[in-house]
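Colleague: Kindly generate the corresponding structure for this input.
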Amino acid sequence: MIEHLLGRPTWHGRPPRLFAAGPTRDQAKRIYWDDLKSLMPRKAIGSISESELRISAISGGQIWVQGLDVPQRIEGTPWDGAIIDELANCRPGTWDHHIRPSLADRKGWAWLIGVPDMDAPGQVEYEAMVQLALSGDDPEWACFSWPSADILPPEEIESARRRLDPRIFEQEYLGKFVIARGRAFAEFDPLVHVKSANYDPSLHLCWALDFNINPMCSGVIQHDGNLVRVIDELTLPDTSTNDACTEFLRRAQQNGWNLKDMHIYGDASGNCRDSTSGTSDWIIIRNRLKDLSAVFKVPRANPPVKDTINALRSKLKNAAGESSLIIDPKCGRLIEDLRTTIWPGSLDEQHALAWMRYFVVAEYAVRFEQSSITGTISFST
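Modeller: Numbers count the residues shown, from 1 in each chain. A predicted model of the protein is given here:
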C-alpha cells in the first residue's frame, strides 16, 4: 500500500511527498513509524531517516511522520497527500489554518482517521467535517465508518453496555458524536444514589484523599467488586496531612472501623510535594499508619481527568441503566460536587470529587478491549 502511494502519479509529474501525522510527534511515531517501515518492500526503499522519521522510495517519493502539536512545522513544504489520525485531539483550526493550505498548491488529498471524543479540543470541528462528508453537499468529501457494535462479538457489546456510562457507550461502540458540555454527572440522582451506607465489617475499609490544604478532603469507602458504598467523608478547613490522619483515626475509633489491611487511594502528586511541612504527604500517611498493614493503591502519576470522570459516570449509571454507587447522606460535600460540577471545565474547587475520582479510576477504570470505532474522512481536490 505504501509503495503504491509513493508511486502514485501526481498532477505535476514529480514524485509525491506525503506525511502521516498525529496530535504529537511521539504519538505519530507510535502510530505510524514501525508499520510504515514494515509495509514498505525493501526493494522499493531508497533510504530511511530515523531522526527525521522519513522514508524515501527508489522512485523518488517520500513519506514523513509529523506531529501536529506545533502545526506550523508542516508549513512551507508543499505536500501531495496526508494521513491524519486522531484529528479531534488536535487544536481547533489545525485543518483550516495549517493542513489544507499545505495541500492546496499540489492539489493534495487527505485521509482524516479518528473516533468521536467528547472531551477532545477539536471535537466540534471534527464533527462538522464528518457531517459535511455525510451530507454529500461537497464532492471533495466522503466518509466511511465502522461502529464496533457491527464488528465485535455480541457478548463484548453487552459487557460494555453493562459497564459503561450511556454516553460513553454511544461514543465508543456506536460511533456517535456526544455533546459533553454541561453537568459532568447528569446521571447523578439523589433519589437513587443518596441512601444510608452503614459500615460493613466483612469488607475492607478504603480511605481516599485529596491534598488540598483548605479544605483538605477525604472519603471513607467500602466496595465488594461491584457496589461502591461511600460511608463517610472528612472535610477539614485549613489543616495539614498529619491533622487529617489524626481526625481519620479518631473517627475510626469512634465508629468501630477495622483498619487492618485497609486500602488507601489518592493524589499521586502527594509523593513529590507536601501540604504544610518538609515531608511528603504520602510519607506522613505511611508513618502514621505503619502498624496497620495498609495497602497503598496510589499511581505514579494521576490519570487523565476525563478517564476518572468516565469511570465515575459508569458507576452512577451504565448503558444498561444500572447503578452501582450509593452515598451516605452525611457526605454533603461529595453530593454537592456531583450535583454541580460542570465538564469540560476546571475542577480546582471540587476536592471531594477529587478523592472520589482517584478511588473509582483505581478500582473501576473504563477499559476497552479493542479500538472502539474506526472511521475515515477522505478529502481530495
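
Colleague: Give me the residues contacting stretch 164-184.
Modeller: For stretch 164-184, contacts defined as C-beta atoms under 8 Å, 6 or more residues apart in numbering pick out 115-119, 123, 127, 130, 145-149, 152, 157, 160-161, 187, 309-310, 313-314, 316-319, 321, 340-345, 366, 368, 372-373, 375. Heads up, the C-betas are built off the backbone N, CA and C, glycines and all.

Colleague: Identify the residue nearest the residue nearest the centre of the chain in space, chain neighbours excluded?
Modeller: Centroid check for the chain by C-alpha atoms, centre = their mean gives residue 307 as the closest residue, at 4.5 Å. Computed as C-beta to C-beta, 6 or more residues apart in numbering, the closest residue to residue 307 that is not its neighbour in sequence is residue 361, at 5.9 Å.

Colleague: can you check residue 350 too?
Modeller: Distances taken as C-beta to C-beta, 6+ apart put residue 337 closest to residue 350, at 4.5 Å, once the chain neighbours are dropped.

Colleague: pretty sure that neighbour is touching residue 357, no?
Modeller: No. Residue 337 is beyond contact range of residue 357, at 9.8 Å (criterion: C-beta atoms under 8 Å).

Colleague: Which entries within the contacts of stretch 164-184 meet the buried criterion?
Modeller: Neighbour counting over the contacts of stretch 164-184 (16 or more other C-beta atoms under 10 Å) leaves 115-119, 123, 127, 130, 145, 147-149, 152, 157, 160-161, 187, 309-310, 313-314, 316-319, 341, 343-344, 366, 372-373, 375 as the buried ones.

Colleague: Counting neighbours, what do you get for residue 163?
Modeller: Residues within reach of residue 163, counting by other C-beta atoms under 10 Å, total 20.

Colleague: roughly how far apart are it and residue 315?
Modeller: 10 Å (C-beta to C-beta, to the nearest Å).

Colleague: got a pLDDT number for the residue nearest to the centre of the chain?
Modeller: Here the pLDDT value assigned to residue 307 is 92.

Colleague: ok so it is a helix residue?
Modeller: Yes. Residue 307: assigned to a helix according to DSSP: H, G, I helix; E, B strand; the rest coil.

Colleague: need the contact list for residue 62.
Modeller: 6, 15, 16, 17, 18, 54, 55, 56.

Colleague: which stretches of the stretch 151-300 of the chain form helices?
Modeller: For the stretch 151-300 of the chain, helices defined by DSSP state H, counting those that start in this stretch occupy the ranges 154-163, 166-174, 190-193, 241-255, 281-288.

Colleague: Quick one: these as CSV, columns for distance to residue 233 too.
Modeller: Output for those, formatted as CSV (distance: least, C-beta to C-beta, whole Å):
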stretch, distance to residue 233
helix 154-163, 26
helix 166-174, 26
helix 190-193, 14
helix 241-255, 10
helix 281-288, 17
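
Colleague: Deepest in the core, which of those is it.
Modeller: With neighbours defined as mean count of other C-beta atoms under 10 Å, these peak in mean count at helix 166-174, which reaches a mean of 22.

Colleague: Now go through the buried ones among the contacts of stretch 164-184 and say which are in helices.
Modeller: Judged by DSSP state H, the subset of the buried ones among the contacts of stretch 164-184 located in helices is 123, 127, 130, 157, 160, 161, 309, 310, 313, 314, 316.

Colleague: just how off-centre is the strand or helix carrying residue 363 within its chain?
Modeller: Assigned by DSSP states H and E, residue 363 falls within helix 351-364. Its chain's average C-alpha position is 15 Å from that of helix 351-364, according to C-alpha atoms, centre = their mean, to the nearest Å.

Colleague: by contact count, what packs against that helix?
Modeller: strand 206-209, strand 216-223, strand 228-236, strand 263-266, helix 305-316, helix 332-340 (3 or more C-beta pairs under 8 Å, 6 or more residues apart in numbering; DSSP states H and E).
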